[in-house]
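Participant: Return atomic coordinates for the entry below.
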Amino acid sequence: MKSRSTPFAVIPLALAFALLGAGHSDAQPASQAESVSQMITVEDSFIFEGGTPRQFLSALEKHHNNDLKTNWLAMLSQAAELSPAVAEFVKREKEEVRQFKVDWLSIADIPDEMDMVRLPRLRVAGERGVIEIADGQIQRDVSYSQHVLNGLGSWMQLYNDIGQEKPEIGKLFVEVSQGLPDVLNPAVVMLIPDKASAPEIKVKAFAIKGIPEADWKKLDEDISRGMQHAMHYAVEASISHSRAITGNVRIHRETGLLVATGSESFTQMTESIVEAHSNNQGFLPRTLPTQDGE
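Facilitator: The predicted structure follows:
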């Protein structure tokens, strides 16, 4: 059977000691020297290429539900090949691993502005999974459930540690009350924005009666499209959401006013788009006094 490249290793622990003792008069009998303890390990390396908090949670789920799970099952299969006596143990462990599923994203409460912040690229090597076999029996193992429990706690702590230096990513909060089941499928997952880095709200109104009413829908679409382009750029350029272009517009048909509410950058962008539409009609728009939001 051809061997496959896998991210785990089989380490003979007692073999080196047996060889060292071979040249001494008090060496152990051959039958005892042949008793070898073997340790199988699986690496838990997680790489996040950078992105939004939502993308971070998605990558974390994929790592535990796919990548790490596949490698862990391979480690268990290797244990069964080394010692058929542990087959029943391996069968139970495999069933437990297959049933595991981390589900944070489906319940996560992520404010819209959090989709415009970016986490840096992360590469972290977690604790190794370990199975030790001696004399055909399991001597030591770390269960997948405990490994995942430790790993998720570490990643949550890492996210919040980064948030101390990069406050715009907010704080990751997970409500856990019943141990492991709640960690995998918690009742609450929240990304809490940092109030100090939240954008200041501006309100600006524009008189648009000079623009044909038939073109108002196109004006609204151009503003929405401009905001989407700005949001994507902000994420790619790692711009803090306090400077991102966020907001919305409302058109009041009875008065011919367009009211923009959002960050200062958003109201400035809206003004430029309204002006461009007005120039196409041959007149300059009139901007009403600006009001800062509370």
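
Participant: Give the next helix or strand downstream of whichever strand or helix holds I251.
Facilitator: For I251, the enclosing helix or strand under DSSP states H and E is strand 247-252. As assigned by DSSP H and E, the chain's next helix or strand after strand 247-252 is strand 257-262.

Participant: Direction included, what does that following strand pair against?
Facilitator: The strands that strand 257-262 pairs with in its sheet are strand 202-207 (antiparallel), strand 247-252 (antiparallel) (by DSSP bridges).

Participant: got the CA positions of that strand in CSV?
Facilitator: Only the C-alpha atoms of strand 257-262 are listed here, as CSV (Å, rounded to 0.1, in the frame of the first residue of the first chain):
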residue,chain,number,x,y,z
LEU,A,257,-35.3,66.8,-1.5
LEU,A,258,-32.6,64.1,-1.3
VAL,A,259,-31.5,63.6,2.3
ALA,A,260,-28.2,61.8,2.9
THR,A,261,-27.4,60.4,6.4
GLY,A,262,-24.1,58.7,7.3
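
Participant: Quick one: name whatever helix or strand follows it.
Facilitator: For strand 257-262, the following helix or strand on the C-terminal side (DSSP H and E) is helix 264-281.

Participant: by contact count, what packs against that next one?
Facilitator: Helix 264-281 sits against strand 202-207, helix 216-236, strand 247-252, strand 257-262, with contacts defined as 3 or more Cβ pairs under 8 Å, 6 or more residues apart in numbering; DSSP states H and E. Glycine gets a C-beta too; all of them are placed from N, C-alpha and C.

Participant: which of the strands paired with strand 257-262 sits most buried?
Facilitator: strand 202-207 (a mean of 20; mean count of other Cβ atoms under 10 Å).

Participant: Run through this protein and note the low-pLDDT ranges.
Facilitator: Scanning the chain for pLDDT under 70 picks out 1-36, 126-127, 136, 139-141, 176-183, 197-199, 234-244, 282-294.

Participant: if you set the cut-off to 80 instead, what comes out?
Facilitator: Along the chain, segments meeting pLDDT under 80 span 1-40, 82, 85, 112-113, 115-116, 124-143, 176-185, 195-201, 231-246, 281-294.

Participant: now the strands: where do they sit in it?
Facilitator: Per DSSP state E, the chain carries strands over the ranges 8-12, 37-42, 45-48, 108-109, 122-125, 129-134, 137-141, 171-175, 188-192, 202-207, 247-252, 257-262, 286-287, 291-292.
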